[in-house]
Each structure stands twice: as structure tokens, then as C-alpha cells.
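J.: Quick one: sequence plus predicted model below, questions after.
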Amino acid sequence: RALVLPAGLRHPDQLPHPQEGGRMNEFALLIAATLSAGTPLALAGLGLLINEKAGVVNLGAEGMMLCAAIAGFACVVHTGNDWLGFAAGMGAGMVLAAIFGVLVIWLGTNQYATGLALSLFGVGFSAFVGIGYVKEKLPERPQYEIPFLADIPFLGSALFKQHPLVYGAMLLVAALIWFLYRSRTGLVLRAVGESPASAHALGYPVRRIRLAAVVAGGALCGLAGAYISVIYTPLWVEGMVAGRGWIALALTTFATWRPVRVLFGAYLFGAVTMLQFHLQGMGVHIPSQVLNMLPYLATIVVLVIISRNPQWIRLNMPQSIGKSFHPSS
């Protein structure tokens, strides 16, 4: 598969060396690239976190993100509006998530098998629909920066020249913390994930709450997919999500189902992803195959470390995660 570089990042052979731009400038560019690369992981991870807080495991994130990526890209090709592309991506994610939700919540299909089927469907369907868009180009990408703050040496280049969705992901973490731990609706959502039978006994519509959580999670996965094809790498290539859906799924366990840890985990994996490009640009002679393995190797290492303490996971994990619920009445 051809190497797909993020927007604004040149080929590794063309990257400035430390002697040319200074080590501080290189570090600022790495931080900026890390924030951009971590944003789709954070958005998808937060969406899956909402699902799992309600007791539903959705392994179809990869397929949803791919379908959202082609939906968002196609929308921008025809309209020229990025925000309509994001809306199209969210819509595609919501539709697929709703289908998944009906199957597992109302029809009682196995959550893991259905999620895998959704992922496989998304990979094939996006490839088929995207055939006509492989050579399409998006309009000129706008450059975003925060006035005055973007002029600060080092910090301006590192933090204040990002797309609004990068900051939106950070705000979403704060909103999700308030929602889950400070609002009544969030308390009900967590109760459904902990003990759906008790929530049902208190009169809460468990299945509808779970479906709403699944659709909301699908919207965020769809937004992540659209961000990848519209902003991060503004083009369409078959399979361009490249395993980020699976990494986002691993992030929820890595973060022990805490929103802030999902964000930090996303940036950690984003840093590992971007490190491969910067190492190549600095002339470090490491086989490209090894560098491409780094994000997935980091995922495995982190999960192995966390799994050494199963009690810690058990204490933080929603008690009814992955379990079907069938109300008696």
C-alpha cells in the first residue's frame, strides 16, 4: 500500500533537518502533527467509550470510519464545504451504528460477531463506493490559526495552528466528563451499563438508552472518519483508516473507560504514528516496515501491560459490558 502522508507533511526526504530549522522547530512540528494525528483516535475512542458505558461493545468502528471517510470526502468533492462533509460522515456513522444497534439490542445477535461483520462490510462497501473518487481532489485547504497566539515562538507552531476539530476533541472530553459524572442522564447511562436489570426495574427504557448511546458513538466514529479523509489526508484511498478503528477500540481499555485518559492515549498513539515520519526525515536508517509497525506494536504492548492487573480493569469496567439484555415485560 502506498504511503499516505498527512496534510501539510512533506515526503520524509524533504523534511527539514535539525541543522536547517533548529531542533526546537522540529519538536514544535512533531507536537502539532501529534495533535492532528491523535484527533481521529480521540473522537472514535470517545464514541466507543459512550457505547461501552452503556454496556455495548461495537467492533465495527473500522468499517464505520471507512464508510464515513468516503461519505465525507464525496460530499466535499461535490459541495466544496468541509462542514457538510463532516455532517455526511457523522450521518453515515449514525446509520451503520443504528443498524448494528437494532441487531444486537432488539434482535439479540452476538455483539462481537455483529461488530466484526459491520467492520468487514464497511471495508468492502467503502472500497466499492470509492472507486470513482480515487483520483478526485478537494478544493484548496484553508489554513487555520488562532490570532496572536499563533505568533508565539514555538507554542504558536505547536499548539495554535490546528483545525477547529482538534480543539473540539478537547472540549468534547470536558463535556463528556460533565455528562457522565455530573448530569442525571449520564448517571442513568452508566447505570444501564452497570446493571440493566436494575435500571429496567426503576422504569428506565434500557434498550432505547443503549440504542441512543450506540448511535451517538457512531456519530463520533463517523466524524473521525470524515476528519481523516477531509482534513488529515485530504484524499480517498481504499483502506485509508488503516487500523485506527481497532486502535480506538483498544484505547477504551487502555484508558480504563475514562475520557481524559482516552484523549491522552490518543495523543500517545498519534505521537508514535508521527514519529515514523520524523525519524525518516532525520535520516534515521530504520526499515520502513518496522516504522509502520510502531503504532500497532505500541497498542499490543500497552494492552499487555494493562492486562497484568485484571482486578484493576474489573473495577473500572462497566459490569454488563458485552451482555445482552432482554426485559421480561
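T.: Here it is on my side, so go on.

J.: who's in contact with residue 223?
T.: 43, 68, 86, 89, 90, 93, 165 (C-beta atoms under 8 Å, 6 or more residues apart in numbering). Heads up, the C-betas are built off the backbone N, CA and C, glycines and all.

J.: so the last one makes contact with residue 226?
T.: So that's residue 165. No - if you go by C-beta atoms under 8 Å, residue 165 and residue 226 don't touch, sitting 9.4 Å apart.

J.: Comparing those two, which residue is more hemmed in?
T.: Ranked by neighbour count (other C-beta atoms under 10 Å), residue 165 and residue 226 place residue 226 first, with 35 against 25.

J.: can you map out the helices along the stretch 51-200 of the chain?
T.: Ranges of helices within the stretch 51-200 of the chain are 61-79, 82-101, 111-129, 155-159, 164-182, 184-194, 196-201, based on DSSP state H, counting those that start in this stretch.

J.: who's in contact with the fifth one?
T.: Think helix 164-182. Contacts for helix 164-182 (C-beta under 8 Å, 6+ apart): 35-36, 39, 42-43, 46, 49-50, 53, 86, 144, 185-186, 189-190, 220, 223, 227, 231, 259-260, 262-263, 266.

J.: likewise the fourth one?
T.: Residues outside helix 155-159 that contact it (C-beta under 8 Å, 6+ apart): 25, 27, 28, 29, 31, 32, 35, 145, 149, 150.

J.: List buried residues within those residues.
T.: Using 16 or more other C-beta atoms under 10 Å as the burial test, the contacts of helix 155-159 include 25, 28, 29, 31, 32, 35, 150 as buried.

J.: and the two most separated of those?
T.: 25 and 35 (16.1 Å; C-beta to C-beta).

J.: picking up where we left off before, any chance of the buried ones among the contacts of helix 155-159 in CSV, with pLDDT, secondary structure and distance to residue 298 too?
T.: Formatted as CSV, the buried ones among the contacts of helix 155-159 follow (pLDDT from 0 to 100; DSSP: H, G, I helix; E, B strand; the rest coil; distance: C-beta to C-beta, whole Å):
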residue, pLDDT, secondary structure, distance to residue 298
25, 80, helix, 26
28, 87, helix, 23
29, 86, helix, 21
31, 91, helix, 18
32, 91, helix, 20
35, 94, helix, 17
150, 88, helix, 31
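
J.: follow-up on the earlier one: pull out the buried members of the contacts of helix 164-182.
T.: 35-36, 39, 42-43, 46, 49-50, 53, 86, 186, 189-190, 220, 223, 227, 231, 259, 262-263, 266.

J.: out of those, which are inside helices?
T.: Among those, the ones falling in helices (DSSP state H) are 35-36, 39, 42-43, 46, 49-50, 53, 86, 186, 189-190, 220, 223, 227, 259, 262-263, 266.

J.: what sits against residue 296?
T.: With C-beta under 8 Å, 6+ apart, residue 296 has these contacts: 243, 247.

J.: Listing request: residues of the protein with sub-threshold pLDDT.
T.: Along the chain, the parts satisfying pLDDT under 70 run over 1-22, 280-284, 288, 312, 328-329.

J.: still on that earlier bit, and which of the contacts of residue 223 is nearest to residue 308?
T.: residue 43 (29.0 Å).

J.: For the nearest residue to the closest one once chain neighbours are set aside, give its distance to residue 62.
T.: Once flanking residues are discounted, residue 43 sits nearest to residue 224: 3.9 Å by C-beta to C-beta, 6 or more residues apart in numbering. Distance of residue 224 to residue 62, computed by C-beta to C-beta, to the nearest Å: 11 Å.

J.: Those two: which is more packed in?
T.: When neighbours are counted by other C-beta under 10 Å, residue 224 comes out ahead of the other of residue 224 and residue 62, with 34 against 29.

J.: circling back: any shared contact partners between residue 224 and residue 62?
T.: residue 244.

J.: Next, residue 54: phi, psi?
T.: Torsion angles at residue 54 (phi, psi; degrees, to the nearest 10) stand at phi -90, psi 0.
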